[in-house]
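>>> whatever this is, show me its structure:
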Amino acid sequence: MNIQIKTAFYWLLLGVCFLTHTLFHMYGLFYGADIRLPDATTGEVPIGVQAFNTVIFTVTFLMALLSIHLSGKGFRWFSLVWSTLFLLLNLFHWAATVFVEAFDLSQACLLSFVPVVNVLLTVTLWKSLKKKNAA
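I've put the predicted structure just below:
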């Protein structure tokens with residue numbers, strides 16, 4: 001399979017997983033859970049949370065789109081670094097969810113899948129850089 005298509009697919013799959021993770025958090029609403037954060041009193045989303053969501057969701061989908069259209073070494077290095085940072089974030093979040101928070105089977109399964117996809121993305125990007133450097 002074409003490296004660009006594979007990379008775009010992995011980025012897209014990560015974005016869908018992030019959205020699914022958020023959706024799973026909201027399932028408690030159907031069972032009467034109060035899902036508000038302890039410091040959420042005004043109903044307004046803090047700017048820091050908005051910025052974080054933009055980076056996590058929008059940039060992930062942007063990376064999928066750009067991966068289809070860009071193949072230069074600079075973009076591949078940027079994508080590799082970004083993927084590695086996401087992998088660290090995803091591993092820490094998985095550990096916090098599985099070992100610290102109240103157990104949720106759906107989240108545990110999803111958040112176990114996310115690092116696998118992230119590793120595949122990172123390895124694919126690394127191999128593409130090594131392959132192009134050898135050529």
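
>>> the helix ranked longest in the chain: how far from the chain's middle?
The single longest helix within the chain, with elements called by DSSP state H, is helix 105-134. Here the centre of helix 105-134 is set off from its chain's centre by 10 Å, with C-alpha atoms, centre = their mean, to the nearest Å.

>>> what do you get for stretch 10-25?
7 Å.

>>> could I have that stretch exported to PDB, CA atoms only?
Extracted in PDB, the C-alpha atoms of stretch 10-25 (Å, rounded to 0.1, in the frame of the first residue of the first chain):
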ATOM      1  CA  TYR A  10      -3.600   6.000  10.500                       C
ATOM      2  CA  TRP A  11      -4.000   9.700  11.200                       C
ATOM      3  CA  LEU A  12      -7.700   9.500  10.300                       C
ATOM      4  CA  LEU A  13      -8.100   6.400  12.500                       C
ATOM      5  CA  LEU A  14      -6.500   8.200  15.400                       C
ATOM      6  CA  GLY A  15      -8.900  11.200  15.000                       C
ATOM      7  CA  VAL A  16     -11.900   8.800  14.900                       C
ATOM      8  CA  CYS A  17     -10.600   7.100  18.000                       C
ATOM      9  CA  PHE A  18     -10.300  10.500  19.800                       C
ATOM     10  CA  LEU A  19     -13.900  11.300  18.900                       C
ATOM     11  CA  THR A  20     -15.000   7.900  20.000                       C
ATOM     12  CA  HIS A  21     -13.200   8.300  23.300                       C
ATOM     13  CA  THR A  22     -15.100  11.600  23.900                       C
ATOM     14  CA  LEU A  23     -18.400   9.900  23.000                       C
ATOM     15  CA  PHE A  24     -17.700   7.100  25.400                       C
ATOM     16  CA  HIS A  25     -17.200   9.700  28.200                       C
END
